[in-house]
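Engineer: Okay, structure incoming, though there's no sequence with it:
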């Protein structure tokens, strides 16, 4: 069973021209990780154009549509940080957590992300850290990360 | 419907992959003590025993079509949406839910 969030799927120095470019980069990272067929990238763009995946605190979670699920091989996440920011329908996104899921494997990491976003201090660390291992540590469910 | 009568909340999403999962997990945590079940499902398969449906405003019409007999609450933002905050308060303290 491959890692849900592989270190090689964490990129902290990405840059994107616009929202669609950022979504495509997330999709390509998931495809490169072997998590999805190349067509999944289009499913992610389709979803983004219907309903934004911006979730607050400068974070978006691009993922595919229900139809796109058939193109997913296994549950996986990627993290792309955009230090220069990306305009996301008027919001500024600094971090994308891309998702490919056909089961529930990603649920615990997303639950962890929800808790991080409700804690502005941890959300800031997630956006600003230059250490890929810290990103993985922060998102690890039931990890050592305890909010001060 | 009164918040106190809610036993099961369903957070509906297109694919059940993203923000619905996050919102469901934070609602579950917040409402655990109130004895309320929170599930996330695709908007096309809202379970019959749901008391209320929560979904993104962009999916509201599809949720109402899929579950015409259930109150649907829509939110715009995942973090701190006033509609979700009102729902949580109504479940915890009782009070009418404006669907």
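Structural biologist: Nice, thanks for sending it over. Please read these numbers as outputs of a predicted model, since none were measured by experiment.
Engineer: Return the helix or strand in chain A with minimum mean pLDDT.
Structural biologist: Here the helix or strand of chain A ranked lowest by mean pLDDT, DSSP states H and E is helix A:107-117, holding a mean of 85.
Engineer: Show residues contacting the very next helix or strand once past that helix.
Structural biologist: From helix A:107-117 onward toward the C-terminus, using DSSP states H and E, the following helix or strand is helix A:120-128. Outside of helix A:120-128, the residues within contact range by C-beta atoms under 8 Å, 6 or more residues apart in numbering or on different chains are A:57-59, A:81, A:94-95, A:115-117, A:134-135, A:138-139, A:145, A:147-148. Any C-beta I mention is one placed from the backbone N, CA and C, and that applies to glycine too.
Engineer: Report the rounded mean pLDDT for helix A:120-128.
Structural biologist: Mean pLDDT, computed over helix A:120-128, is 92.
Engineer: And that helix, what's buried?
Structural biologist: Applying a neighbour-count criterion of 16 or more other C-beta atoms under 10 Å in any protein chain shown, one finds A:122, A:123, A:125, A:126, A:127 buried in helix A:120-128.
Engineer: And for stretch A:113-122?
Structural biologist: In stretch A:113-122, counting by 16+ other C-beta under 10 Å, buried: A:113, A:114, A:115, A:116, A:117, A:118, A:122.
Engineer: for stretch B:26-44, same thing?
Structural biologist: Buried, per 16+ other C-beta under 10 Å, within stretch B:26-44: B:26, B:27, B:28, B:30, B:31, B:36, B:38, B:39, B:40, B:41, B:42, B:43.
Engineer: Same check on stretch A:131-143?
Structural biologist: For stretch A:131-143, a neighbour-count test (16+ other C-beta under 10 Å) marks A:132, A:134, A:135, A:136, A:138, A:139 as buried.
Engineer: and which of these is nearest to chain B?
Structural biologist: Using C-beta to the nearest C-beta, residue A:139 comes nearest to chain B of those, at 12.3 Å.
Engineer: touching chain A at all, the least confident helix or strand in chain B by mean pLDDT?
Structural biologist: Every helix and strand of chain B was ranked by mean pLDDT, DSSP H and E. The lowest is helix B:19-31, at a mean of 87. Yes. Counting by C-beta under 8 Å from any C-beta of the partner chain, contacts between helix B:19-31 and chain A involve B:19, B:21, B:22, B:23, B:25, B:26, B:29.
Engineer: what residues does that helix touch?
Structural biologist: A:53, A:55, A:61, A:106-107, A:110-111, A:113-115, A:117-118, B:9, B:11-13, B:38-41, B:54-56, B:75, B:78, B:84, B:88, B:91-92.
Engineer: and after that helix, which helix or strand comes next?
Structural biologist: Tracing the chain past helix B:19-31, the next element assigned as helix or strand by DSSP H and E is strand B:37-42.
Engineer: Just give the nearest non-adjacent residue to residue A:24, would you?
Structural biologist: The spatially closest residue to residue A:24, leaving aside those adjacent along the chain, is residue A:41, at 5.7 Å (C-beta to C-beta, 6 or more residues apart in numbering or on different chains).
Engineer: likewise residue A:36?
Structural biologist: Nearest to residue A:36 is residue A:100, by C-beta to C-beta, 6+ apart, at 4.5 Å.
Engineer: Spell out which parts of chain A neighbour chain B.
Structural biologist: When proximity is defined as C-beta under 8 Å from any C-beta, chain A approaches chain B at A:47, A:50-57, A:61, A:63-66, A:68-69, A:99, A:101, A:106-107, A:110-111, A:113-115, A:117-118.
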